[in-house]
Every structure is written in structure tokens, then in C-alpha cells.
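**Q** Need a 3D model of the sequence below.
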Amino acid sequence: QVQVVESGGGLVQPGGSLRLSCTASRNIVSIWDMGWYRQQPGRQRERVAVASADGTTTYANSVKDRFTISNNMAERTVYLQMNSLKPEDTAVYYCAASPGVLLPNPEGIVYWGQGTQVTVSS
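**A** Got it, this is the predicted structure:
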């Protein structure tokens, strides 16, 4: 069993930055896929960024060049640095972990955090 806990959400003005953190209960960083999904009201949960076990990173087109996923094995933590935030980035952000591949479709993912709200508004 693995638990993942997010932190770092909040309210930020357009153009601002936030960093989300996801800490795992045991060291799965760089062993499992870990990533971030987000869900806006009335919409399906979508994949935002993934740090794969093979060392590659994947981003949604909507966040490329603005968001960066990174990890720290010693801290058992994956980060999502979000820059140049836009109102359309407003969502609940969820950390996810999988011993397999974190696919765009979130169905079947077992390990989720509780979610953290990110609101981009002036």
C-alpha cells in the first residue's frame, strides 16, 4: 500500500506561480510513475504531467513550457512547478502514483492523493 499526500495549492493572480508537492509514504519516486491530474467542475479528470519510472516526463499541451514536474528521491516527493498561471488552470489538482504507466485516462489508477485546490483569479 502507498499513500500520497499533496500540498501547496492556493489562490494566485494570473501570471503568478505555485509549487505543488506530493509526498509518498514509501520511496516509490523514480521506481513508479508519479504524476499530476486536475479536475475542473463538470469536467473529466485530465492528466497534467507525469514523471515516469524510466526518467522521462510528459506534459499536457495546455501546460507545456509553463509547468515543470520534478522529483526528490531523498524526500520521497514529486513537485509540480506552475508558472504563468492562467484562470483556466483553476482546478483541483490530484497526485497519482502507479507501478505501471500513468495513462491520460485516469480510470484504473489506484493511488490518489486527496487533492489540492488551485485558484487563479484576480
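**Q** Please identify which helix or strand holds Val5.
**A** Using DSSP states H and E, Val5 sits in strand 4-7.
**Q** And that strand, what does it pack against?
**A** strand 18-24, strand 91-98 (3 or more CB pairs under 8 Å, 6 or more residues apart in numbering; DSSP states H and E). Heads up, the C-betas are built off the backbone N, CA and C, glycines and all.
**Q** if you set the cut-off to 10 Å instead, what comes out?
**A** Helices and strands touching strand 4-7, by 3 or more CB pairs under 10 Å, 6 or more residues apart in numbering; DSSP states H and E, are strand 18-24, strand 77-82, strand 91-98, strand 111-112, strand 116-120.
**Q** Identify all contacting residues around it.
**A** Strand 4-7 has contacts (CB atoms under 10 Å, 6 or more residues apart in numbering) with 19-25, 28, 34, 36, 76-78, 80, 92-97, 111-116.
**Q** Make a ChimeraX selection of whichever of those residues turn out to be buried.
**A** The ChimeraX selection below is limited to those of these classed as buried (16 or more other CB atoms under 10 Å):
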select :20,21,22,23,24,28,34,36,76,77,78,80,92,93,94,95,96,97,111,112,113,115,116
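**Q** Residue nearest the middle of the protein, spatially speaking?
**A** In the chain, the C-alpha nearest the mean C-alpha coordinate belongs to Trp36, at 2.1 Å (CA atoms, centre = their mean).
**Q** in a strand, that's where it is, yeah?
**A** Yes - if the criterion is DSSP: H, G, I helix; E, B strand; the rest coil, then Trp36 is within a strand.
**Q** Wait, it touches Val50, no?
**A** Yes - with contacts counted by CB atoms under 10 Å, Trp36 reaches Val50, the gap being 7.8 Å.
**Q** and for those two, which residues touch both?
**A** 59-60, 69, 78, 96, 102.
**Q** Identify the farthest-apart pair in these.
**A** The most widely separated members of those, counting by CB to CB, are Ala60 and Val78 (16.0 Å).
**Q** Name the residues of the strand holding Val5 that are buried.
**A** Judged by neighbour count (16+ other CB under 10 Å), strand 4-7 contains these buried residues: 4, 6.
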